[in-house]
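Visitor: let me see the structure of the following:
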Amino acid sequence: MELTYNAAFNKLCQLVANDEQNIANLTELVKQTSGIVEGAPPNGFHILYSGETPKKERCTDVVKAVGNDPDAVHVIHVGRSEVGKLCNNELFRGALQKAIVRDVLGDRRPQAGDFPALNRRMQEVRNGRNGTVDSSPRFEQPDNAIWDIASRKYVEAAQGDFRVLAPGPIDPLSVFTKSELPALLNNERVGLVDGMSRTGLANILDRSDSVQEGMAVLNAVFSANSLHQVNLTGIAITDFRDYLDLSADRLQDGFKAHTQQDLAALKETCLSEKKGRLFSTQERPASDPAQGYSGRIVAASPLHVVQEIGANCLVAHQKFKLGSPVQIGAKAQIAYDREGAKVLQDQKKQQQSRSATR
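Guide: Predicted coordinates:
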């Protein structure tokens, strides 16, 4: 039976009291602790996050701000899970720091020149990173780091719908890709992910030539979808209410002004006229070779648009032989990245204009 936070904390206290807080014991304690979120509201949603927003704010900082809002109790994140509370506990963090010092230096007291090595080892054990700071690149096989374990357990224990806040290109070695997404696709208690069915997303992975290709397509889908939501709501550390209130219906209404322009960009970027096209529901001719296939762009909603991008990556790969899902998924991502850059540029111009008039 997995440990609750209170039981895990008591075991942590015993480790500290017996001076047994080494890396192996602390990692094992994380593995033994439940990923469930006690008291999670039935009408809430889980949120996963990766990277940063177009405003260059870290998504983890945005979610932390959401977590501190008493009116956002319906937002369920890893920090609220039993294992997340353990990893964020001050005693656990202190015990891990002491374990790192002992692992690197033995019984010797740290000196100024030791801190780079200590920071590097901490990043490796806690975050799976090959460097001394939180922005250091991840190792090729980082999924046994403490936060990988905690995040995976949180997703495995989840029940209900998910949102993904990852508007930039998603690192294929990120916690999201390596630990959370596989657990998400395998969790049959999960319903929708940003309005898309979990089973549909899992099918994209199953139909890809390799796990690497499938993950690249899914990352492009999640990133493009998230970027639209971020652009529509302007989510930030100090302004996230519209994002939290966003529903598929509201997203439909708010997106109408962008639909035609974005679809044109997607069609031009993903598939050329000579090789075949992506058609919206209204545009699809009877002679289209993909007639009857369910994977088509629906112009009304970006939730559907990005869902169908993933499907059409596979249509293009399997029927039109246009290249791998990775290549086409990356091209779709470029189209959305351009839009994000334009939005950010427009925001800066508006700020400069307001400053000039003061």
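Visitor: what ranges do the strands span in the stretch 51-200 of the chain?
Guide: Along the stretch 51-200 of the chain, counting by DSSP state E, counting those that start in this stretch, strands occupy 75-76, 160-165, 190-193, 196-197.
Visitor: what helices or strands is the third one leaning on?
Guide: Contact analysis of strand 190-193 by 3 or more CB pairs under 8 Å, 6 or more residues apart in numbering; DSSP states H and E lists strand 160-165, helix 198-206 as its packing neighbours. All C-beta atoms are positioned from the backbone trio N, CA, C, and that covers glycine.
Visitor: list the buried ones in that strand?
Guide: For strand 190-193, a neighbour-count test (16 or more other CB atoms under 10 Å) marks 190, 192, 193 as buried.
Visitor: my read: the first one touches residue 200, true?
Guide: Think residue 190. No. The pair residue 190 / residue 200 is not scored as a contact, 11.8 Å apart, by CB atoms under 8 Å.
Visitor: the spatially most central residue of the chain and residue 138, how far apart?
Guide: Centroid-nearest residue in the chain, with CA atoms, centre = their mean: residue 49, separated by 3.6 Å. Remark: distance between residue 49 and residue 138 (CB to CB, to the nearest Å) = 15 Å.
Visitor: for residue 11, which residues are in contact?
Guide: By CB atoms under 8 Å, 6 or more residues apart in numbering, the residues touching residue 11 are 3, 29, 32.
Visitor: any idea which of these has the most stuff around it?
Guide: The residue in those with the most neighbours, by other CB atoms under 10 Å, is residue 29 (22 neighbours).
Visitor: identify the residues contacting it.
Guide: Contact analysis of residue 29 by CB under 8 Å, 6+ apart lists 3, 8, 11, 12, 15, 86.
Visitor: residue 93 versus the first one, what's the distance?
Guide: It stands for residue 3. Per CB to CB, residue 3 is found 18 Å from residue 93.
Visitor: please apply the same query to the fourth one.
Guide: Separation of residue 12 from residue 93 (CB to CB): 11 Å.
Visitor: between the two, which has more neighbouring residues?
Guide: For residue 12 versus residue 93, the count of surrounding residues by other CB under 10 Å is larger for residue 12: 21 against 12.
Visitor: can I see the domain layout of this protein?
Guide: Structurally, the chain divides into domains by automatic domain parsing as follows: 5-193, 214-349.
Visitor: and residue 177, what pLDDT?
Guide: Per-residue confidence (pLDDT) for residue 177: 95.
Visitor: and if you look at the one 5 residues further on?
Guide: What the model reports for residue 182 is a pLDDT of 96.
Visitor: ditto for the one 3 residues further on
Guide: Looking at residue 185, its pLDDT is 96.
Visitor: how near is the closest residue to it other than its chain neighbours to residue 61?
Guide: Leaving aside its sequence neighbours, residue 185 sits nearest to residue 202 (CB to CB, 6 or more residues apart in numbering; 4.5 Å). Shown here: residue 202 relative to residue 61, a distance of 30 Å by CB to CB.
Visitor: which regions of this structure lie under the pLDDT threshold?
Guide: Applying pLDDT under 70 to the chain flags residues 142, 247-348, 351, 354, 357-358.
Visitor: looking at residue 202 and residue 61, which one has more neighbours?
Guide: Just comparing residue 202 and residue 61: by other CB under 10 Å the higher neighbour count belongs to residue 202, 18 against 14.
Visitor: quick one: contacts for residue 23?
Guide: When contacts are counted by CB under 8 Å, 6+ apart, residue 23 touches 96, 99, 100, 103, 125.
Visitor: in ChimeraX, how would I select just the buried ones from these?
Guide: In ChimeraX, this line selects whichever of these come out buried by 16+ other CB under 10 Å:
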select :96,99,100,125
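Visitor: I'd like the helices and strands packed on strand 190-193 as JSON lines, with distance to residue 44 appended.
Guide: As requested, these are exported to JSON lines (distance: least, CB to CB, whole Å):
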{"stretch": "strand 160-165", "distance to residue 44": "7"}
{"stretch": "helix 198-206", "distance to residue 44": "17"}
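Visitor: hey, which of the ones you listed is tucked in deepest?
Guide: strand 160-165 (a mean of 21; mean count of other CB atoms under 10 Å).
Visitor: who are the packing partners of that strand?
Guide: Using 3+ CB pairs under 8 Å, 6+ apart: strand 160-165 touches strand 45-49, helix 59-67, strand 190-193, helix 211-233.
Visitor: now render the ones you listed as CSV, adding distance to residue 158.
Guide: Formatted as CSV, the helices and strands packed on strand 160-165 follow (distance: least, CB to CB, whole Å):
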stretch, distance to residue 158
strand 45-49, 5
helix 59-67, 15
strand 190-193, 6
helix 211-233, 16
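Visitor: where do the helices sit along the stretch 1-150 of the chain?
Guide: Taking DSSP state H, counting those that start in this stretch to define them, one finds helices in the stretch 1-150 of the chain at 5-17, 23-32, 59-67, 82-88, 90-105, 115-122, 146-157.
Visitor: and the fifth one, C-alpha only, in PDB?
Guide: As requested, C-alpha coordinates have been extracted for helix 90-105 and formatted as PDB (Å, rounded to 0.1, in the frame of the first residue of the first chain):
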ATOM      1  CA  GLU A  90      11.200  21.800   3.800                       C
ATOM      2  CA  LEU A  91      12.500  18.800   5.800                       C
ATOM      3  CA  PHE A  92      12.700  16.700   2.700                       C
ATOM      4  CA  ARG A  93      14.500  19.400   0.700                       C
ATOM      5  CA  GLY A  94      17.000  19.900   3.600                       C
ATOM      6  CA  ALA A  95      17.500  16.100   3.900                       C
ATOM      7  CA  LEU A  96      18.200  15.900   0.100                       C
ATOM      8  CA  GLN A  97      20.600  18.700   0.300                       C
ATOM      9  CA  LYS A  98      22.500  17.000   3.100                       C
ATOM     10  CA  ALA A  99      22.400  13.700   1.200                       C
ATOM     11  CA  ILE A 100      23.900  15.500  -1.900                       C
ATOM     12  CA  VAL A 101      26.700  17.000   0.200                       C
ATOM     13  CA  ARG A 102      27.600  13.600   1.700                       C
ATOM     14  CA  ASP A 103      27.400  11.900  -1.700                       C
ATOM     15  CA  VAL A 104      29.800  14.400  -3.300                       C
ATOM     16  CA  LEU A 105      32.100  15.400  -0.500                       C
END
